[in-house]
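# dropping a prediction and its sequence here:
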Amino acid sequence: MINEAEMEILYNIKYGGWGITKKAEELYKLRKGIDNSFNLSFYDDLSYRTDPILIEIYKELGDEFDDKYSNTRIQKIPIKYKNYYGIDEYDGKEYVSINYTEYKFGIIKEIVESQQSDSIKINEIKQFINTFTPVHA
């Protein structure tokens, strides 16, 4: 199997909702050069979940990263799914999911809109459909 480039996503495995400690937040603001009085919305913005600086802080702080309701983990997914993942939750416990249908349509759309001949497009679409295997997070 070919090793693909991966991305890391922070997610919470504990019921209650994802949250980080003040210490983790202050370290993040310091490293990003953000004024400490500025209020960040870590909980509503998915871009924080893949931020390399926040992931680095998580790895450094370990148990000191999570607030009392959280137990953060890292899920790795192939980077080709970076625009097709989501974080689903039930009572605060989270799961990383990939929308394979949107991914497949996106790839097929790219092929269809390419400048290649129709016969090459058809062959590429057939090859993609025949070799596509979803990764289970």
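Cool, got the structure.

# contacts and neighbour counts: CA atoms only from here.
Fine.

# list the buried residues for stretch 26-35?
By 16 or more other Cα atoms under 10 Å, the buried positions in stretch 26-35 come out as Leu27, Tyr28, Lys29.

# which other residues reach that stretch?
Asn36, Ile53, Leu54, Ile57 (Cα atoms under 8 Å, 6 or more residues apart in numbering).

# same question, stretch 111-118
Taking Cα under 8 Å, 6+ apart as the rule, stretch 111-118 contacts Lys121, Glu124, Ile125.

# the protein: strands as residue ranges?
Listed in chain order, the strands of the chain (DSSP state E) span 6-12, 72-78, 85-90, 93-98.

# any chance of the ones you listed in JSON lines, plus mean neighbour count, distance to Phe105 and mean pLDDT?
Formatted as JSON lines, those follow (neighbours: other Cα atoms under 10 Å; distance: least, Cα to Cα, whole Å; pLDDT from 0 to 100):
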{"stretch": "strand 6-12", "mean neighbour count": "20", "distance to Phe105": "21", "mean pLDDT": "96"}
{"stretch": "strand 72-78", "mean neighbour count": "18", "distance to Phe105": "17", "mean pLDDT": "96"}
{"stretch": "strand 85-90", "mean neighbour count": "15", "distance to Phe105": "14", "mean pLDDT": "94"}
{"stretch": "strand 93-98", "mean neighbour count": "18", "distance to Phe105": "13", "mean pLDDT": "95"}
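
# adding distance to Asp44, write those strands out as JSON lines.
Shown next, in JSON lines, are the strands of the chain (distance: least, Cα to Cα, whole Å):
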{"stretch": "strand 6-12", "distance to Asp44": "13"}
{"stretch": "strand 72-78", "distance to Asp44": "16"}
{"stretch": "strand 85-90", "distance to Asp44": "11"}
{"stretch": "strand 93-98", "distance to Asp44": "13"}
